[in-house]
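Participant: coords please:
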Amino acid sequence: MGFHRVAVAVAVAGTLALAAVLAPSAGSAPAYQNRQQVRDHIDELRKYVWKGVTDSREVPRADYAIIKDRGDYLLAQLKKQVTALSAAKGAAEVDAVGTTVDRIQTLSNRFVATAGWVRRALTNMNTAAAQGQTALTNALRSRTTSSDVYTRKQTAWAAAGTWAMQDRNSALKAIPTGAIAPARTFPAQAAKASAGSTVATATGLIGIPGGCALPTADVATWVGDAATPGLRAWTGPTSLAAYNARVATALSSDPTGELAVAHNRLLWGVNNAHLVNSHPTDANEAMNTVGRLGYQALADTDSQKRTDAKAALVRIAGELLATGPDEVGGPGIFFGSFYMWVAASALNWAQPGGIRNSEFSELLWVRWMGPYACKLARGDSMVRGANNIAVVTTTAVALTALIDASSRPQVAAALVKKAITADLPGLRLLAADGGTPEGPAYWNLQSVPVAGLLSTWDQIFGANGPVNLPNFTKTAKFAFQVPDVINDITPTFSDAKKQGKSLRSTLPAWIASQNPTAEAVALAKEAATSIGIQQLWWPTASPAAPTLGSATFATSGITVLRGTSSTAWVTAGTPIGLHEHLQAGGVSFIRDGVQWGIDPGAGDYNQPGYFDGLTPEGRRWKYFNPGVEAHSTLSTVPKATNPGQIVGGVTPMTLNGSTVNVNLKPALMGVASANRCVSLAANGTLRITDTLKNSAALIWRWVTPAAATKLNAHAVRLTQGQSSVTIDFSRLPAGAVVSVTSADGKDSDGRTLQIVQVTLPAKAAITLVATIS
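Facilitator: Next up is the predicted model:
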């Protein structure tokens with residue numbers, strides 16, 4: 001056969017080194033002397049290919065998927081040759097297998113080399129971005145103008161970055177076919193940029209100064225009339241003029257009416273808190289301060305106060321932008337996204353003709369937008385998927401670029417297109433039933449920037465945007481119905497941290513201006529959670545006041561049941577994501593202001609492996625809060641490969657009046673059927689009925705901050721202060737045992753928790769009824 005075993009491809013600093021490690025001289029005997037040598041070579045190749053895969057684990061998920069798919073294909077081909085080798089009879093057949101292995105090695109060399117090129121291209125993209133950031137830093141230190149040498153360096157490195165992106169795209173395109181990737185183009189362009197020469201951009205791409213390259217996008221389509229700077233953030237000249245006219249009429253003809261009172265109350269709060277002198281130090285404070293000052297700058301009838309508010313907005317924007325999101329001392333990429341759109345909004349409200357301070361423009365577009373552009377260009381997990389992190393960051397990028405598109409129209413268009421495309425899955429999930437399976441705290445995080453995006457999008461495009469954004473009408477119902485304002489609590493399910501009695505009303509306020517449902521209008525007129533600027537959307541309609549009642553939000557996995565002075569929340573299993581818990585069938589309960597059943601909510605995010613939960617073996621499920629032990633529901637007995645409920649088991653829930661049925665079979669191993677029926681009577685009596693068939697041994701739990709005392713074989717008393725309730729179990733099967741134990745964790749207030757527990761033996765049929773009264 002005369003096979004020449006060519007060495008493995010080794011990527012060293014991005015350079016492919018090919019070495020012949022076993023190349024027999026001319027006329028020598030065939031390289032494969034026996035069956036074992038072929039097998040040894042196959043084993044070497046398997047390790048070699050697998051290393052090419054594992055070395056790429058740190059690349060963005062989409063890139064890794066392409067690399068791993070090709071690696072899996074090559075490994076499968078090698079596995080076939082193991083089978084063929086075992087079946088081979090005689091030297092000729094062994095030699096034929098060896099010839100096939102030779103061909104696979106050629107493909108493997110290309111694969112490993114090209115995967116290395118992908119990694120190198122990503123490094124080069126980061127290099128170009130870092131050089132742009134360095135140029136900005138040097139420009140600011142030397143106090144030069146925007147036309148200096150450093151800005152030329154920004155432009156040159158941004159253009160060089162387009163070639164790094166092209167190299168990456170070419171390599172990714174070659175990997176699935178086994179083709180040889182084209183020669184890398186970045187090194188030559190980087191040399192030009194380093195020398196201060198002009199660098200052309202790669203076709204179809206635009207360089208982002210301080211960031212990474214993106215595909216070009218049509219300016220008019222994606223940012224509207226960017227050539228004419230003006231008021232674009234959250235409102236526009238026509239809408240603002242109409243609102244101010246309404247306020248003037250209200251102040252003169254109806255000074256005690258809702259609009260006049262709300263207007264005066266907001267401005268009184270701004271002045272009383274001396275917000276013009278404030279220095280926000282976190283994202284929440286920045287949103288609230290800038291939103292209120294923005295309202296004063298646009299709607300106060302006192303011209304001096306408008307002027308003072310605008311000056312404060314410019315100052316605060318500068319403070320927010322002073323340190324980049326990923327720099328030492330910066331807010332980090334996630335919370336920095338709030339700083340970015342807040343600063344852009346502040347500058348637009350203060351300077352609607354465009355950012356007049358060139359330093360602010362450089363800070364916003366290079367130091368801030370650059371890092372987010374790189375995440376979008378690479379397809380980092382932070383900007384992908386239907387979760388709050390992706391929504392918050394991509395919405396911030398799109399909103400910021402839309403607001404100040406006149407400064408850099410082509411860059412803005414590319415950013416808006418890429419960000420909105422990445423944003424849509426998360427926006428659609430948020431709009432599906434108005435809530436989120438990640439819990440109310442994460443609903444709050446998303447709702448304000450989304451409201452800003454929707455209102456700005458409407459101002460720029462009207463009904464003619466490049467894509468149709470989802471309809472968010474249902475968010476008002478979620479925000480109105482899920483909290484218990486009577487008992488002053490919002491439920492903590494999934495990784496939701498404790499909230500106040502209300503959810504933010506900014507997004508419902510926008511809905512009220514577009515589709516004035518009763519819930520939206522009621523929340524729009526609620527100032528407790530307002531960021532101020534939403535006052536500009538004061539609804540014109542006055543529907544009848546909504547009523548609190550039982551409601552279900554199937555996509556979010558939460559149902560609320562209401563009695564006269566009591567509320568129960570029931571959770572369902574949802575597709576596993578970033579913040580979900582093993583909480584299918586979980587019940588929380590409050591009556592007359594006392595919490596008797598509780599979901600402790602989020603655990604410590606800093607615990608090792610807390611977010612390692614996509615498999616049953618994930619460390620996440622070993623921790624108390626996300627695990628099944630923290631939830632008042634049914635589970636199997638936890639084992640190493642079964643944390644008690646099936647990870648990602650989707651459990652449908654159906655609401656009928658004040659009763660909800662949850663199908664728990666998808667969440668429980670070893671049961672033929674499992675249904676949980678939870679009902680809440682007007683007088684506050686809560687009844688939980690679990691109907692099981694052919695079930696494995698199960699555990700029934702009730703998690704409570706109350707002191708629990710077992711009264712007898714079927715009853716437990718819960719006591720808090722002078723209040724008490726009793727859990728009474730009926731139809732307990734033979735062998736069932738009721739007990740009380742201390743929980744391994746605490747709730748969000750640091751309270752010690754106890755667990756009322758019923759161990760249920762494996763049975764053909766069980767109907768267990770728990771009544772809490």
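
Participant: I'd guessed residue 548 sits against residue 562; true?
Facilitator: Yes: counting by Cβ atoms under 8 Å, residue 548 touches residue 562, with 6.0 Å between them. (Each C-beta comes from the backbone N, C-alpha and C, glycine too.)

Participant: who's more crowded, the two?
Facilitator: Set residue 548 next to residue 562 and count neighbours by other Cβ atoms under 10 Å: residue 562 wins out with 19 against 15.

Participant: tell me where the model's unsure across this structure.
Facilitator: Across the chain, the ranges flagged by pLDDT under 70 are 1-33, 143-148, 528-529, 613.

Participant: for stretch 647-662, give me every contacting residue.
Facilitator: If you take Cβ atoms under 8 Å, 6 or more residues apart in numbering as the criterion, stretch 647-662 is touched by 550-552, 554, 557, 559, 561-563, 570, 572-576, 582, 584-585, 613-616, 618, 621, 663-668, 675-682.

Participant: could you pick out the buried ones from those?
Facilitator: With neighbours counted by 16 or more other Cβ atoms under 10 Å, the contacts of stretch 647-662 contain buried members at 550-552, 554, 557, 559, 561-563, 570, 572-574, 576, 582, 584-585, 613, 616, 618, 621, 663-668, 675-681.

Participant: strands - which of these land there?
Facilitator: 551-552, 559, 561-562, 570, 663, 675-680 (DSSP state E).

Participant: turn those into TSV, including distance to residue 747.
Facilitator: Formatted as TSV, those follow (distance: Cβ to Cβ, whole Å):
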residue	distance to residue 747
551	24
552	25
559	21
561	21
562	22
570	18
663	28
675	28
676	23
677	26
678	21
679	25
680	21
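
Participant: for the helix of greatest length in the chain, name the packing helices and strands.
Facilitator: If you go by DSSP state H, the chain has its longest helix at helix 90-142. Helices and strands touching helix 90-142, by 3 or more Cβ pairs under 8 Å, 6 or more residues apart in numbering; DSSP states H and E, are strand 5-12, strand 15-22, helix 35-54, helix 61-87, helix 149-174, helix 186-195, helix 358-362, helix 369-378.

Participant: and it with helix 186-195, angle?
Facilitator: 20 degrees (axes from the mean of the first three to the mean of the last three Cα atoms, to 10 degrees).

Participant: now do the buried residues in stretch 578-594.
Facilitator: Result for stretch 578-594 [16+ other Cβ under 10 Å]: buried residues 578-591, 594.

Participant: name the nearest of those residues relative to residue 536.
Facilitator: Proximity of the buried residues of stretch 578-594 to residue 536 (Cβ to Cβ) peaks at residue 579, which lies at 32.3 Å.

Participant: ok, the spatially closest residue to that closest one that is not a sequence neighbour - contacts?
Facilitator: In space, and not counting its chain neighbours, residue 579 is closest to residue 495: 3.6 Å by Cβ to Cβ, 6 or more residues apart in numbering. By Cβ under 8 Å, 6+ apart, the residues touching residue 495 are 438-439, 441-442, 578-581, 601-603, 625-626.

Participant: and residue 495, helix, strand or coil?
Facilitator: Secondary structure assignment for residue 495 (DSSP: H, G, I helix; E, B strand; the rest coil): coil.

Participant: repeat that for residue 729.
Facilitator: Reduced to three states with three-state DSSP, the structure at residue 729 is strand.

Participant: try residue 724
Facilitator: Here residue 724 is recorded as strand under three-state DSSP.

Participant: and the spatially closest residue to it that is not a sequence neighbour, which helix or strand is it part of?
Facilitator: Nearest non-adjacent residue to residue 724, counting by Cβ to Cβ, 6+ apart: residue 717, 5.8 Å away. Using DSSP states H and E, the element containing residue 717 is strand 715-720.

Participant: helices or strands up against that strand?
Facilitator: Packing contacts for strand 715-720, counted by 3+ Cβ pairs under 8 Å, 6+ apart, involve strand 594-597, strand 707-712, strand 723-730, strand 737-746.

Participant: okay, the first one in PDB with CA atoms only?
Facilitator: Extracted C-alpha coordinates of strand 594-597, given in PDB (Å, rounded to 0.1, in the frame of the first residue of the first chain):
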ATOM      1  CA  VAL A 594     -49.100  35.600  56.800                       C
ATOM      2  CA  GLN A 595     -47.000  33.400  54.500                       C
ATOM      3  CA  TRP A 596     -47.700  29.700  55.200                       C
ATOM      4  CA  GLY A 597     -46.200  28.200  52.100                       C
END
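
Participant: ok, the next helix or strand after it: who's next to it in the sheet?
Facilitator: Next along the chain after strand 594-597, taking DSSP H and E as the criterion, comes strand 634-636. Paired neighbours of strand 634-636 in the sheet (DSSP bridges): strand 698-704 (antiparallel).

Participant: tell me what angle the strand it pairs with forms with strand 715-720.
Facilitator: 20 degrees.

Participant: tell me how far strand 698-704 lies from the chain's centre.
Facilitator: 31 Å (Cα atoms, centre = their mean, to the nearest Å).

Participant: what separation do you get for the residue nearest to residue 724 and residue 549?
Facilitator: 31 Å (Cβ to Cβ, to the nearest Å).

Participant: try residue 566
Facilitator: Using Cβ to Cβ, residue 566 is found at 13 Å from residue 549.

Participant: neighbour count: these two, which is higher?
Facilitator: Taking other Cβ under 10 Å, residue 566 and residue 549 do not tie; residue 566 has more neighbours (25 against 11).

Participant: next up, the contacts around residue 585.
Facilitator: 570, 571, 572, 573, 631, 633, 634, 651, 662, 664, 667, 676.

Participant: can you rerun that using 7 Å?
Facilitator: 633, 634, 651, 662, 664, 676 (Cβ atoms under 7 Å, 6 or more residues apart in numbering).

Participant: what's the farthest-apart pair in these?
Facilitator: The distance between the two most remote of the contacts of residue 585 (Cβ to Cβ) is 10.8 Å, for 634 and 651.

Participant: more neighbours: which of these two?
Facilitator: Taking other Cβ under 10 Å, residue 634 and residue 651 do not tie; residue 634 has more neighbours (29 against 25).

Participant: surely the more buried one is in contact with residue 700?
Facilitator: Yes: in this structure, residue 634 is within contact of residue 700 by Cβ atoms under 7 Å, at 5.7 Å.

Participant: perfect, that will be all.
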